[in-house]
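>>> Give me coordinates for this.
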Amino acid sequence: MTVFNLSDANSATLRREVDVCIVGGGMAGLATAQRLSAVAGVRICVLESGAHARDEGLEALNDIEDCAGRYAGARDSRVRLIGGASSLWGGRLLPLTAHDLGAREYASIDAWPIRPEELDAHTASVETLFDLDHRPFELTDLTRLWPKFGIYPRHADVSCRFAKFPTFRNRNIATALRRSVLAGARAAVYLNATAHDFALDAETGQVREVVARAPGGASLRVTARYFIFSAGTIETTRLTLLLNRISGERAFAGCTALGHYFNDHLKVPVGTVYPVDIRATNRLFGYHLAGSTRRNLHFELSAQAQRQLAIPSAYIDFRLGMPDRSIYRALRDLGGRLQGRNMPHRNLQVLREALDVDTLYRLLFWRLRHRQLYLSAEIGITAEMRIEQSPSAAHRVALSDRADAYGVPLVRLTWAPTDADRRTFLAALRHFKTFWSQAGLASSSPIAWEADDEAAGDRFLEAARDASHPAGSTRMGIDPTRSVVDATLRCHAVKNLFLVSASVFPGAGSANPTLTILQLAHRCADHIVRELRVA
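Numbers count the residues shown, from 1 in each chain. The predicted model follows:
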């Protein structure tokens, strides 16, 4: 990998000509580059706005005009540095279901123009990226491998799956791919290179050149055969809107989807676990550990329940509350520093204070005996429900009249929870409550649930926060008038531009988007490689 810091060029203007130019050096961009770099002779250039550490001056480029004042993810989950949000990421990898990808007319969600098996074909390569095992996510399949998973209930209305988590050291994709990504002299990563302008071919309408600039004034002009925007949902949408503006609104003329249908998972606490049987609670909620792969529990509304209730998906994420001065918090902080997070420093004295001999013994015992993380009584367990929003054209990413330091218009976001979300919260909560009782889990791990009356629905809407899973504002589809990209992630209207981001999701589904984004990144890279070989 050849890494350049554009700031080192002072005020010079550099030029490069490559096969593929990728805008965004986060998870999607580096995963796409890594896949492309496996093919000899492909010249790749990655433009990353940040460098190796956070710069508050650059973070200001993530500011948005939030019309309703409800969206926190614009700052909380976006970071401009190599590796992007993988330096903040919790690590969860879970695929969308076949039901998530299908048409869900009852919730006004369009089908993805991709078959489930087309995404599944790239799961193993993503797992390898993070040094994860290739064992299944589904409860039924896991029970065949490990009888210990037989303790988890099966129910018609609620499905149980197990997400995978890489180690802290492997979560930051820039670290994980340090030796392999973009190997070879024909690949280059430019840091402090913020894309802010484009040139289009007047005859074909294709992108001819992208212009990036460093904080000190140096400029880089990159011409390429293919361009990929992989800078996260909000920034990818902003760049696409900017390109359209530069074209005189001609590039995406006739497309009614660009910038519309923005959505996110909404999250709200719905209950607290009060264990009666500590051993059973540990067996139920403790992370399963196998080599470098960690797993945890994920309950989601089944396809049957979603159809019956006529609502989008919903799932329960059990959050662990760790006291400040505990071995759990000390170990998590250590892991966060390994990942590259800006974690508070804890010296040896604080770690010594956190070491509880009894807890340490139980941690080791449960690790060896059950291959699980032991949860002591001091750890609080909160049931947090997350719901999928039905896409709405009224939820929109647009360009503001205000500009950032590079002259690029800020994003104006029109988005807020809706009455439809209120209905989803209440209907899903009632089903989860019934499931917990019918499955026999309340006897060992009872949950003090929030109320599910109509007044509670109002409280949920007020308390709901985005889960930093933005999606939908450059959605994929077959009809160029109702979608921005096709099944290969190629823009319908700009044939040499691909968008690799959750912004292409027609619906958010029943899991966080990371695994799906990376599956799409590998799939898109493979498609471009095939075209390059034909040429």
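
>>> Would you agree residue 322 is in contact with residue 376?
No. Under the criterion of Cβ atoms under 8 Å, residue 322 is not in contact with residue 376, lying 9.7 Å apart. The C-beta positions use only the backbone N, C-alpha and C, and glycine is treated the same way.

>>> so what's residue 303 up against?
97, 99 (Cβ atoms under 8 Å, 6 or more residues apart in numbering).

>>> For it, give me phi and psi.
phi -60, psi -40 (degrees, to the nearest 10).

>>> so what pLDDT did it get?
For residue 303, the model assigns a pLDDT of 97.

>>> and what of residue 346?
54.

>>> Flag the shaky bits of this protein, pLDDT-wise.
Under the criterion pLDDT under 70, the flagged ranges of the chain are 1, 176, 178-186, 328-332, 334-355, 535.

>>> could you redo the last one with a cut-off of 50?
Within the chain, the ranges that satisfy pLDDT under 50 run 182, 185.

>>> Quick check: residue 246 vs residue 458, distance?
Look at residue 246 and residue 458: by Cβ to Cβ, to the nearest Å, they are 44 Å apart.

>>> Tell me which of those two has more neighbours.
Neighbours around residue 246 and residue 458, counted as other Cβ atoms under 10 Å, are more numerous at residue 246. The numbers are 15 against 11.

>>> Identify the residue spatially nearest to the more buried one, adjacent ones excluded.
residue 198 (5.4 Å; Cβ to Cβ, 6 or more residues apart in numbering).

>>> Identify each buried residue in the strand or helix carrying the one you found, please.
Applying DSSP states H and E as the criterion places residue 198 in strand 194-200. By neighbour count on 16 or more other Cβ atoms under 10 Å, the buried set for strand 194-200 is 194, 195, 196, 197, 198, 200.

>>> cool, stretch 136-147 as well?
137, 139, 142, 143.

>>> follow-up on the earlier one: just give me the closest of the buried residues of strand 194-200 to residue 364.
residue 194 (48.0 Å; Cβ to Cβ).

>>> any idea how far the closest one is from residue 219?
Applying Cβ to Cβ to residue 194 and residue 219 gives a distance of 10 Å.

>>> What of residue 78?
From residue 78 across to residue 219, the span is 24 Å (Cβ to Cβ).

>>> my guess is residue 491 contacts residue 503, does it?
No. Using Cβ under 8 Å, residue 491 is not in contact with residue 503; the gap is 11.7 Å.

>>> Compare these two (neighbour count), which wins?
Counted by other Cβ under 10 Å, residue 491 and residue 503 do not tie: residue 503 has more neighbours, with 33 against 27.

>>> Please tell me how far stretch 49-66 is from the chain's geometric centre.
18 Å (Cα atoms, centre = their mean, to the nearest Å).

>>> my bad, should have said stretch 296-310
Taking Cα atoms, centre = their mean, the mean C-alpha location of stretch 296-310 is offset from the chain mean by 21 Å.

>>> Endpoint to endpoint, it covers what distance?
End-to-end distance for stretch 296-310, by Cα to Cα, to the nearest Å: 28 Å.

>>> can you check stretch 373-382 too?
Termini of stretch 373-382 sit 17 Å apart (Cα to Cα).

>>> next one: that stretch to chain centre, how far?
26 Å.

>>> Same check on stretch 464-481?
Worked out by Cα atoms, centre = their mean, stretch 464-481 lies 12 Å from the chain centre.

>>> Output it in PDB with nothing but the alpha carbons.
Provided in PDB are the C-alpha atoms of stretch 464-481 (Å, rounded to 0.1, in the frame of the first residue of the first chain):
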ATOM      1  CA  ALA A 464     -36.600   7.400  20.400                       C
ATOM      2  CA  ARG A 465     -33.200   8.100  19.000                       C
ATOM      3  CA  ASP A 466     -31.600   7.100  15.700                       C
ATOM      4  CA  ALA A 467     -29.300   4.000  15.900                       C
ATOM      5  CA  SER A 468     -26.700   5.600  13.600                       C
ATOM      6  CA  HIS A 469     -27.800   3.300  10.700                       C
ATOM      7  CA  PRO A 470     -28.700   5.900   8.000                       C
ATOM      8  CA  ALA A 471     -29.900   4.400   4.800                       C
ATOM      9  CA  GLY A 472     -32.100   4.700   1.700                       C
ATOM     10  CA  SER A 473     -31.400   8.100   0.100                       C
ATOM     11  CA  THR A 474     -29.800   6.700  -3.100                       C
ATOM     12  CA  ARG A 475     -31.900   3.500  -3.200                       C
ATOM     13  CA  MET A 476     -31.400   0.700  -5.600                       C
ATOM     14  CA  GLY A 477     -34.000  -0.700  -8.000                       C
ATOM     15  CA  ILE A 478     -34.900  -1.600 -11.500                       C
ATOM     16  CA  ASP A 479     -36.900   1.600 -12.500                       C
ATOM     17  CA  PRO A 480     -34.500   4.600 -13.100                       C
ATOM     18  CA  THR A 481     -37.300   7.000 -12.300                       C
END
